[in-house]
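In: Please work out how this folds:
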Amino acid sequence: MPTRQQIKSAGEFYVASELSRRGYNIGLTIGNLERVDLLAEKQNVRLSIQVKAIRRRRNNSFQITNNQIVDNYWYVFVNINSENLNNYECAILRGDEVRNRLRMPQHHARNGLRISILNIAEYYNSWNRLEPEH
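Out: Modelled structure (predicted):
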């Protein structure tokens with residue numbers, strides 16, 4: 001059974017891999033920057049990314065609080081499905097969107113953002129949201 005740290009690392013490496021496949025240069029902060037897990041750059045546009053990962057869909061929330069959110073950062077919430085390791089799913093939101101979703105009772109959990117955020121089509125596996133605008 002993987003530890004919480006192993007799940008967190010798997011989520012970060014998954015996001016780094018997906019972004020790298022899409023042409024981003026990636027820097028892993030390995031805990032050296034507060035609130036930033038990955039730095040991504042493409043076409044001179046830089047992104048600060050926080051990754052939140054859980055192991056099973058039956059976990060009901062991703063742990064995050066309002067005071068941890070930076071509005072112009074990106075947040076990738078990853079479900080690492082332990083039953084099917086080839087089927088990761090994620091939701092990709094800007095910090096201000098995370099903050100707004102935490103205000104909504106249907107998405108707010110006692111300790112974070114409900115897993116139901118993965119059910120919103122706008123955010124679900126929406127890697128294109130991170131693409132630099134032309």
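In: Tell me the buried residues in the helix or strand containing residue 101?
Out: Element membership for residue 101 (DSSP states H and E) is helix 95-103. For helix 95-103, the neighbour count (16 or more other CB atoms under 10 Å) marks 95, 97, 98, 99, 101, 102 as buried. (Each C-beta comes from the backbone N, C-alpha and C, glycine too.)
In: Local confidence estimate at the fourth one?
Out: Just to be clear, that refers to residue 99. Residue 99 is assigned 93 on the pLDDT scale.
In: May I ask which helix or strand of the protein has the lowest mean pLDDT?
Out: Ranking every helix and strand in the chain by mean pLDDT, DSSP states H and E puts strand 108-109 at the bottom, with a mean of 82.
In: Who does the helix or strand just after that strand pair with, and is each partner parallel or antiparallel?
Out: Per DSSP H and E, the first helix or strand lying C-terminal to strand 108-109 is strand 112-114. As defined by DSSP bridges, the strand partners of strand 112-114 come to strand 61-63 (antiparallel), strand 108-109 (antiparallel).
In: Would you reformat the buried residues of helix 95-103 as TSV and include distance to residue 116?
Out: Formatted as TSV, those follow (distance: CB to CB, whole Å):
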residue	distance to residue 116
95	19
97	14
98	14
99	17
101	10
102	13
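In: between those, which is nearest residue 131?
Out: Closest approach to residue 131 among the buried residues of helix 95-103 (CB to CB): residue 97, at 16.4 Å.
In: List the residues that contact that closest one.
Out: Listed by CB atoms under 8 Å, 6 or more residues apart in numbering, the contact partners of residue 97 are residue 123.
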